[in-house]
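# sequence and predicted structure are below.
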Amino acid sequence: MTTVTLVYPYFHPSNDNSIFRFPPLGLGYIAAFLKSRDVSVELVDCTFMSLPSALEKIRRSHPRIIGIQVMFSIKEKALELAKLLRGDCELLVAGGPLPTSNPEDFLSSFDVVAIGEGEETMLELIQALQDGNGLAKVKGVAFKEKGKTVVNPPRGYIKNLDGIPLPDRDMFDNQAYKSYYSKNFGYTTTSVITSRGCPFQCDFCSRPVFGNGFRSRTAPNIAEEVETVLRLGYERVWFADDCFTISRKRLLNICDELLRRHINIGWECLSRVDTVDLEVAEKMKKAGCVRVFFGIESGNDAILEIMKKQVTIKQARNAVYTCKKAGIQVGAFFILGYPGETDRTILDTVNFASSLPLDYLSFTFPYPIPGTPLFERVKGSMISEEWKEPDSRRLIKHRLLFHAPFSESKLKFALFKGMTQHYLGKYLGKRIYSLVGKPYTNLTDDIYRILN
């Protein structure tokens, strides 16, 4: 029997409690699909492992094929692992967003690149290795042949997502994830992916694996996986879709199914501000929704147009207040320093974000992911092509990866200003905030403008 080992090369800094951590479910679904076809599969999630212990576990299974997932934030570790493991298998495979976007970059370190969704492609790679037929007939792969890169015809997307078995969550270190969340956030949570693809065209977003078409699992199939999570002792679920609320009908069906089965678990999701109304928010709350996150990104309509968000700040404000009215906590993400910004638009974003009644607020800098329009716009002025995990002791961990009209220190001042205003508004109350918050806002606006 061919043994396949799938590797997620993210090594979690043990002293960093500031970033949400979830198991690599993409690999979990691939593993479940292969196991259902009688393939011997090992999954090595490096999130809570050291490099030596990960290497030991991978080598212990004596795999014929090793598949390594590569994303923007873990490219360096993936390449390091590939170098160390090249002699430990017959076929070393790279998969995920980055290899899909640019296979050529990985063929010096890997034998083959799986382009797009990995379930059926990995199965055919296994069969090709077993039969000795080579890679010529395997769709959705790239490889080197006589020194030249060969890119085979693409593989179509999987239409019936219910046909993919639920992941065996015993392949992940559930106890480590639960301990991490209990210690740092006061509750336990894990992720579930209920759909693939996003039809929107946000300028900074990369979706090379699942594409632009929206495909969904059925509500009963989703509820069944939530029940498995509940049986493992998790208190919450993170629905890790690009946009969980994209289809109103689908969302209401999921909520109804969770209610019909009396599934008592809290859940969180990512949403667009133009997909939620009061009826939807109230149903979400009734079905267990604890918190919803909006990728608002800017507090200036002109910048939202540059980002191709297809929403307005008016819609953003309405969505936040609608969810709060329904009793749902609200988180929001904003980007500072996007190409095309000015001092005025950045202050618009900072002051708009901190004016909202948010339970969670995050500011980041633009991260140009290869394959996105944002990357194409700034690739000639890149300072670094990879986001690396910052030193956990740093107060502000974001880095500016390209040369911009704004210095990194100036953007960090804007970020600090926005977070301070957010906390002043959140904890001081309206009367005291009017005495303290507004003068602080005006003063720091002036300071920001004169910074280089």
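Thanks, I have the structure now.
# how about the strands in the stretch 151-300 of the chain?
Counting by DSSP state E, counting those that start in this stretch, the stretch 151-300 of the chain has strands at residues 189-192, 195-196, 215-216, 236-239, 266-271, 289-297.
# in whichever strand or helix holds Pro439, what's buried?
Here Pro439, judged by DSSP states H and E, is contained in helix 430-450. Residues of helix 430-450 classed as buried: Tyr433, Gly437, Thr441, Thr444, Asp445, Tyr448 (neighbour count, 16 or more other Cβ atoms under 10 Å). All C-beta spots, glycine's among them, are computed from the backbone N, C-alpha and C.
# starting at the chain centroid, how far to that helix?
Its chain's C-alpha centre and that of helix 430-450 lie 34 Å apart, by Cα atoms, centre = their mean, to the nearest Å.
# which strands and helices sit next to it?
Counting by 3 or more Cβ pairs under 8 Å, 6 or more residues apart in numbering; DSSP states H and E, the packing neighbours recorded for helix 430-450 are helix 343-355, helix 408-428.
# with just CA atoms, put the longest one into PDB.
Which is helix 408-428. Presented in PDB, the C-alpha positions along helix 408-428 are these (Å, rounded to 0.1, in the frame of the first residue of the first chain):
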ATOM      1  CA  GLU A 408       6.300  52.000   8.300                       C
ATOM      2  CA  SER A 409       6.600  54.000  11.500                       C
ATOM      3  CA  LYS A 410       4.000  56.500  10.300                       C
ATOM      4  CA  LEU A 411       1.600  53.700   9.600                       C
ATOM      5  CA  LYS A 412       2.300  52.100  13.000                       C
ATOM      6  CA  PHE A 413       1.500  55.500  14.600                       C
ATOM      7  CA  ALA A 414      -1.900  55.500  12.800                       C
ATOM      8  CA  LEU A 415      -2.500  51.900  13.900                       C
ATOM      9  CA  PHE A 416      -1.700  52.700  17.500                       C
ATOM     10  CA  LYS A 417      -3.900  55.800  17.400                       C
ATOM     11  CA  GLY A 418      -6.800  53.800  16.000                       C
ATOM     12  CA  MET A 419      -6.600  51.100  18.600                       C
ATOM     13  CA  THR A 420      -6.200  53.600  21.400                       C
ATOM     14  CA  GLN A 421      -9.300  55.500  20.200                       C
ATOM     15  CA  HIS A 422     -11.200  52.100  20.000                       C
ATOM     16  CA  TYR A 423     -10.400  51.200  23.600                       C
ATOM     17  CA  LEU A 424     -11.100  54.700  24.900                       C
ATOM     18  CA  GLY A 425     -14.600  54.600  23.300                       C
ATOM     19  CA  LYS A 426     -15.200  51.000  24.400                       C
ATOM     20  CA  TYR A 427     -14.300  51.400  28.100                       C
ATOM     21  CA  LEU A 428     -14.800  55.100  29.000                       C
END
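# which parts of it are buried?
By 16+ other Cβ under 10 Å, the buried positions in helix 408-428 come out as 408, 410-415, 417-422, 424-425.
# residues contacting that helix, please?
334, 336-337, 346-347, 349-351, 353-355, 358, 361, 363, 365, 395-396, 398-400, 433, 436-437, 440-441, 444, 447-448, 451-452 (Cβ atoms under 8 Å, 6 or more residues apart in numbering).
# repeat that with 6 Å
With Cβ atoms under 6 Å, 6 or more residues apart in numbering as the test, helix 408-428 has contacts from 336-337, 346, 350, 353-354, 361, 363, 396, 400, 433, 437, 441, 444, 448, 451.
# low-confidence ranges in the chain?
Low-confidence regions of the chain, defined by pLDDT under 70, span residues 1-2, 13-19, 385-395.
# before we move on, the earlier item: Ala136: which of the buried residues of helix 430-450 is nearest?
Tyr448 (58.5 Å; Cβ to Cβ).
# got the angle for the helix holding Pro439 vs helix 343-355?
Relative orientation of helix 430-450 versus helix 343-355 (axes from the mean of the first three to the mean of the last three Cα atoms, to 10 degrees): 160 degrees.
# could you give the angle of helix 430-450 to helix 408-428?
Here helix 430-450 runs at an angle of 170 degrees relative to helix 408-428 (the same axes, to 10 degrees).
# neighbouring contacts of helix 430-450?
Helix 430-450 has contacts (Cβ under 6 Å, 6+ apart) with Asp343, Leu347, Ala414, Lys417, Gln421, Leu424, Gly425.
# Ala136: which of the residues you listed is nearest?
The closest of these to Ala136 turns out to be Ala414 (Cβ to Cβ; 53.3 Å).
# that closest one and Ile396, how far apart?
As judged by Cβ to Cβ, to the nearest Å, Ala414 and Ile396 stand 10 Å apart.
# do Asp45 as well
Shown here: Asp45 relative to Ile396, a distance of 29 Å by Cβ to Cβ.
# so between those two, which is more surrounded?
Legend: neighbour count by other Cβ atoms under 10 Å for Asp45 and Ile396, higher for Asp45 (24 against 16).
# skipping adjacent residues, who's closest to the more buried one in space?
Tyr8 (4.9 Å; Cβ to Cβ, 6 or more residues apart in numbering).
# the one you found against Met71, yeah?
No. Taking Cβ atoms under 6 Å as the definition, Tyr8 is not a contact partner of Met71, at 9.1 Å.
# give me the phi and psi angles of Asp358.
Check again: residue 358 is Leu, not Asp. The phi/psi pair for Leu358 (degrees, to the nearest 10) reads phi -90, psi 140.
# give me the neighbour count for it.
21.
# of the contacts of helix 430-450, closest to Asp256?
Using Cβ to Cβ, the contacts of helix 430-450 come closest to Asp256 at Gly425, 36.3 Å.
# on that earlier part again, comparing Tyr8 and Met71, which residue is more hemmed in?
Using other Cβ under 10 Å, the more surrounded residue of Tyr8 and Met71 is Tyr8, with 27 against 20.
# now do the same contact list for the more buried one.
By Cβ under 6 Å, 6+ apart, Tyr8 lies in contact with Pro24, Leu27, Asp45, Cys46, Gln69.
# which of those fall in strands?
If you go by DSSP state E, these have Asp45, Gln69 in strands.
# the contacts of Tyr8: which two are farthest apart?
Leu27 and Cys46 (11.1 Å).
# who has more neighbours out of those two?
Shown here are Leu27 and Cys46; by other Cβ under 10 Å, Leu27 has more neighbours (25 against 22).
# isn't that one up against Val4?
No. Counting by Cβ under 6 Å, Leu27 stays clear of Val4, with 10.7 Å between them.
# which stretches in the stretch 101-250 of the chain count as helices?
119-131, 174-185, 219-231, 248-260 (DSSP state H, counting those that start in this stretch).
# and Glu185, how many residues sit next to it?
To be clear, residue 185 is Phe; Glu isn't right here. Neighbours of Phe185 under the rule other Cβ under 10 Å: 12.
# next, work out how far apart it and Phe239 are.
Taking Cβ to Cβ, one finds Phe185 at 17 Å from Phe239.
# one more: Val209?
Between Val209 and Phe239 the computed distance is 18 Å (Cβ to Cβ).
# kindly report the same for Arg317.
Per Cβ to Cβ, Arg317 is found 24 Å from Phe239.
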